[in-house]
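*Asks:* fold the stuff below for me.
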Amino acid sequence: MTEVRWTPQAAEDLQAIYDFIARDSPHYAQLTVEDILAAIDRLKRFPLMGRQVPERERDDLRELIKPPYRIVYRTGEVLKILTVFRASRLFPANLE
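*Replies:* Model (predicted):
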């Protein structure tokens with residue numbers, strides 16, 4: 001199985017998603033975060049299951065779509081979760 005590591009940015013993103021949803025429903029916020037974590041857990045076995053990021057022409061930069069979120073990660077010896085954000089937002093310009 002592939003090792004998965006989170007960048008500080010990705011961890012902050014997930015916490016922000018939880019905090020935003022929890023203002024209305026802590027229960028739904030927990031379910032949403034668990035759903036995202038379950039998708040990332042599947043990457044341990046199938047690291048190439050996500051598609052290549054269309055905004056960047058890099059083979060090692062991939063994303064998993066978990067509506068309404070995009071989970072962006074880099075493949076390699078260690079799979080690195082780079083960011084998690086709403087698909088309706090623009091792709092982060094500083095992400096390489």
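*Asks:* what residues sit buried inside stretch 71-87?
*Replies:* Using 16 or more other CB atoms under 10 Å as the test for burial, stretch 71-87 gives 71-75, 79-85. (C-beta placed from N, C-alpha, C; glycine too.)
*Asks:* report the two of these separated the most.
*Replies:* Longest distance between any two of the buried residues of stretch 71-87 is 19.0 Å, between 75 and 85; criterion CB to CB.
*Asks:* OK, contacts around the closest residue to residue 69 other than its chain neighbours?
*Replies:* Using CB to CB, 6 or more residues apart in numbering and skipping the chain neighbours, the partner closest in space to residue 69 is residue 84 (5.7 Å). The contact partners of residue 84, by CB atoms under 8 Å, 6 or more residues apart in numbering, come to 10, 13-14, 17, 36, 69-72.
*Asks:* just curious, which of those is nearest to residue 28?
*Replies:* Taking the contacts of residue 84 together and measuring to residue 28 by CB to CB, the closest member is residue 17, at 11.1 Å.
*Asks:* what sits up against stretch 8-24?
*Replies:* 28-30, 32-33, 36, 69, 81-85.
*Asks:* what's the neighbour count on residue 67?
*Replies:* 8 (other CB atoms under 10 Å).
*Asks:* ignore what I typed, I meant residue 27.
*Replies:* As a burial measure, residue 27 scores 10 neighbours (other CB under 10 Å).
*Asks:* please identify which helix or strand holds it.
*Replies:* Element membership for residue 27, per DSSP states H and E: helix 26-43.
*Asks:* with residue 9 instead?
*Replies:* Counting by DSSP H and E, residue 9 is found in helix 8-22.
*Asks:* so that helix versus helix 26-43, what angle?
*Replies:* 150 degrees (axes from the mean of the first three to the mean of the last three CA atoms, to 10 degrees).
*Asks:* pLDDT score assigned to the residue lying farthest from the centre of the chain?
*Replies:* Using CA atoms, centre = their mean, the residue of the chain lying farthest from its centre is residue 24. It sits 22.4 Å away. Looking at residue 24, its pLDDT is 98.
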